[in-house]
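Chemist: A predicted structure for the sequence below; I have some questions about it.
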Amino acid sequence: MVNGTTTRVQPATTWSIMLSVLMIAAGVVAIGLPLMTGIAIGAIIAWLLLFSGALHVAFAWRGHGAAGVLWEILVGVAYGAIGIVLLRHPVAELASLTLAIEIYLFVEAILEFVLWFRLRTSPGRAWLLIDGVITLVLAVMIGSTWPSSATWVVGTLMGISMFFSGISRLVPALVGRRAVLSGGSHD
């Protein structure tokens, strides 16, 4: 049975390792080209808004009564208009996304501090405080340099996220592969 498991696990872990390495490489590229990455992410968001706007307009007839139909059309037009503005003004889009990230990080830091305070008698609580401090420092760093930070924040954070997502998938795949292969060699 170990041989059957080995033959099934090996291709699965190979794919997992390859995809993890690609994700790590994409993260490195995103970190190296943060403005380009940020603009690409913004473009994706803009196209999603355009698509959502079109769907709202297309399904407006399903609204309940004239007010429901009108509301869906207005929402669809708003989504579409925002999508077009974002596509036409990618730097403004990056500035908006950066401001949203800064606000999010600030709120997250406050919540981490509250949680740390509430769990002050629990083991490991220091990690909540460390997380809160680091998150607050990031929020202040981004906010104090906004809007110029828009050129690097979105792309860099996305790159860091992709890089560590790749690492967090690569390590278990390597460990799993090693465990199955070493277990199979003992039989």
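Modeler: Arrived safely, thanks for sending.
Chemist: My guess is residue 112 contacts residue 128. True?
Modeler: Yes. Contact criterion C-beta atoms under 8 Å: residue 112 and residue 128 qualify, at 5.5 Å. Every residue, glycine included, has its C-beta placed from N, CA and C.
Chemist: now stretch 112-124, how far from the chain's geometric center?
Modeler: Averaged C-alpha coordinates place stretch 112-124 at 26 Å from its chain's average position (C-alpha atoms, centre = their mean, to the nearest Å).
Chemist: Flag every buried residue along it.
Modeler: Under the neighbour-count criterion of 16 or more other C-beta atoms under 10 Å, stretch 112-124 has 112-113, 115-116 buried.
Chemist: now stretch 141-152
Modeler: 142-143, 149-152.
Chemist: can you put those residues in a markdown table and add pLDDT and distance to residue 177?
Modeler: Formatted as a markdown table, these follow (pLDDT from 0 to 100; distance: C-beta to C-beta, whole Å):
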| residue | pLDDT | distance to residue 177 |
| --- | --- | --- |
| 142 | 85 | 39 |
| 143 | 86 | 44 |
| 149 | 81 | 41 |
| 150 | 82 | 41 |
| 151 | 83 | 40 |
| 152 | 86 | 36 |
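Chemist: which stretches of this protein have low pLDDT?
Modeler: 1-9, 63, 183-187 (pLDDT under 70).
Chemist: which ones among the buried residues of stretch 141-152 are found in helices?
Modeler: Applying DSSP state H to the buried residues of stretch 141-152, the entries found in helices are 142-143.
Chemist: from the buried residues of stretch 141-152, which is closest to residue 174?
Modeler: residue 152 (31.5 Å; C-beta to C-beta).
Chemist: and that closest one, how far is that from residue 34?
Modeler: To residue 34, residue 152 is 4 Å away according to C-beta to C-beta, to the nearest Å.
Chemist: quick one: the helices in this structure?
Modeler: Ranges of helices in the chain, per DSSP H, are 2-32, 34-58, 65-88, 90-118, 125-144, 153-185.
Chemist: So for stretch 21-32, what gets flagged as buried?
Modeler: Applying 16+ other C-beta under 10 Å to stretch 21-32 flags 23-24, 26-27, 30-31 as buried.
Chemist: gap between the nearest residue to residue 56 once chain neighbours are set aside and residue 65?
Modeler: The shortest distance from residue 56 to any non-neighbouring residue, by C-beta to C-beta, 6 or more residues apart in numbering, is to residue 76 (3.1 Å). Using C-beta to C-beta, one obtains 17 Å as the distance from residue 76 to residue 65.
Chemist: Number of residues surrounding residue 83?
Modeler: 21 (other C-beta atoms under 10 Å).
Chemist: For it, list the residues it contacts.
Modeler: With contact set as C-beta atoms under 8 Å, 6 or more residues apart in numbering, residue 83 has these partners: 46-50, 53.
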